[in-house]
Every structure is written in C-alpha cells, then in structure tokens.
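**Student:** A structural model of the following input is requested.
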Amino acid sequence: MKRRLLLLLPLVVFLILAGLLYKGLSMNPSDRDSALLAQEFPAFELSTLKDPEVRVDESLLQGEVTLVNVWGEWCPTCKQEMPQLLELEDRGVRLVGVDYKDTRELGRSFLEQYGDPFEVNVFDPEGDLGFELGVYGAPETFLVDKEGIIRYHHTGYIAPEDVEKVIMPKVEKWR
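**Tutor:** Got it, this is the predicted structure:
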C-alpha cells in the first residue's frame, strides 16, 4: 500500500505544478496593479526630449492632474495609441510623456510624424525612470493627482473606448 502511494506521488506533484503553470499562463499581465498606486511619483531628474539643456524633475507633476504616458519610437502600439492621446489633449487633459529607451532623434521624429499631445516629454534613454515606475514595456500610462500621487495605472494601449469609459472618468474623479 505504501509503495503504491509512493508511485502516485510524482503524478500528484506533476498535476499540481501543471495546474499552477496553466493558471499563470492564463493570467493577463495588463491586469496587474502597479505597486506604486497611492504613492508619490518616483523622484527623477532628466532632460527634456526637446532640449538636452533643460532638466525637469518630479515637481513637474505638482498642481494639476496629469497623465504620464511612457512611450517609445520603437513601440508599434504607441503609434496606434497616439490618436487617443491627442483626443485627451483636446479634452483638456494635461499629458506628460516619457520617451523610454529611445534616441533623441528618433523620439523627435516620432512626434513630428504622429503628433505631440505632451506638454513636456521627459527623455529617459537608459530607462531609469521607467524602471522606478515598474514599466516592463510601452505604452504604459499613470494618472498622477495634483499632489504628485499615482492614482491609476493603465498597462498597454489606450483603446478609443478606454478614453470615454476608463481614462476620462478617472481624470474627472481626481481633478
């Protein structure tokens, strides 16, 4: 009897591991919450994309509700998302961009081609700010309140329906 149980043990362990793997693979990583929710936006000091001599820091996000969008020229989804960001700008939402792991030339070219809804673009060529934000890809968007506290994190593409159903209600809530 004991020997029979010992023979079944590897099968039971395998089935448990297979179940955990299946559950992990079926999870959507874009549904994850940011560990920074309800915390201050991370401290940084970086140049702007437009002018390498101009430095900005997290105080840029004080005083007005702001959507911080992490993007890159290399990101095909960022190109698809740009019309929604331009619409948000037209609706009076303040946007700050973070040009993530890019070159200055390619970032500027991207904005010339697809439009520039951003009040300021922070240039993050090494991805240091992205790392502090827990970004694992682009695009990612953070809603920051007037005090510089992260209130919402949107992983991935902002679809047209997200503007009305998700983003605008959250912006209005924190204004």
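**Student:** which ones are touching D162?
**Tutor:** 84, 154 (CB atoms under 8 Å, 6 or more residues apart in numbering). Any C-beta I mention is one placed from the backbone N, CA and C, and that applies to glycine too.
**Student:** just name the shakiest helix or strand of the chain by mean pLDDT.
**Tutor:** Of all regular secondary-structure elements in the chain, judged by mean pLDDT, DSSP states H and E, the least confident is helix 2-26 with a mean of 63.
**Student:** now the element after that helix, going C-ward?
**Tutor:** Using DSSP states H and E, the helix or strand that follows helix 2-26 towards the C-terminus is strand 45-47.
**Student:** how about that next one: buried residues?
**Tutor:** 46-47 (16 or more other CB atoms under 10 Å).
**Student:** can you show me the helices along the protein?
**Tutor:** Taking DSSP state H as the criterion, the chain carries its helices at 2-26, 76-90, 104-114, 128-133, 160-162, 168-174.
**Student:** excluding chain neighbours, what is closest to K101?
**Tutor:** Once its chain neighbours are removed from consideration, K101 has its nearest residue in G127; the separation is 4.6 Å (CB to CB, 6 or more residues apart in numbering).
**Student:** show me what contacts that neighbour?
**Tutor:** Counting by CB under 8 Å, 6+ apart, G127 makes contact with 100-101, 135.
**Student:** that one and Q80, how far apart?
**Tutor:** 22 Å (CB to CB, to the nearest Å).
**Student:** point out where the chain drops to low pLDDT.
**Tutor:** When residues are selected by pLDDT under 70, those of the chain lie in 1-35.
**Student:** show me what the residue nearest the centre of the chain bridges to in the sheet.
**Tutor:** A centroid search over the chain (CA atoms, centre = their mean) returns E140, at 1.8 Å, as the residue closest to the centre. Taking DSSP bridges, one finds V70, T155 as the beta-bridge partners of E140.
**Student:** wait, isn't it in contact with V70?
**Tutor:** Yes. Proximity of E140 to V70 meets the contact threshold set by CB atoms under 8 Å, at 4.6 Å.
**Student:** overlap in contacts, the two.
**Tutor:** Taking CB under 8 Å, 6+ apart as the contact criterion, the common neighbours of E140 and V70 are L133.
**Student:** ok, E119 - contacts?
**Tutor:** 94-96.
**Student:** ok, V54 to G148 distance?
**Tutor:** 20 Å.
**Student:** when those two are compared, which one has more neighbours?
**Tutor:** Set side by side, V54 and G148 show more neighbours around G148, with 16 against 12, by other CB atoms under 10 Å.
**Student:** tell me the phi and psi of that one?
**Tutor:** When quoted as degrees, to the nearest 10, the phi and psi of G148 stand at phi 90, psi 20.
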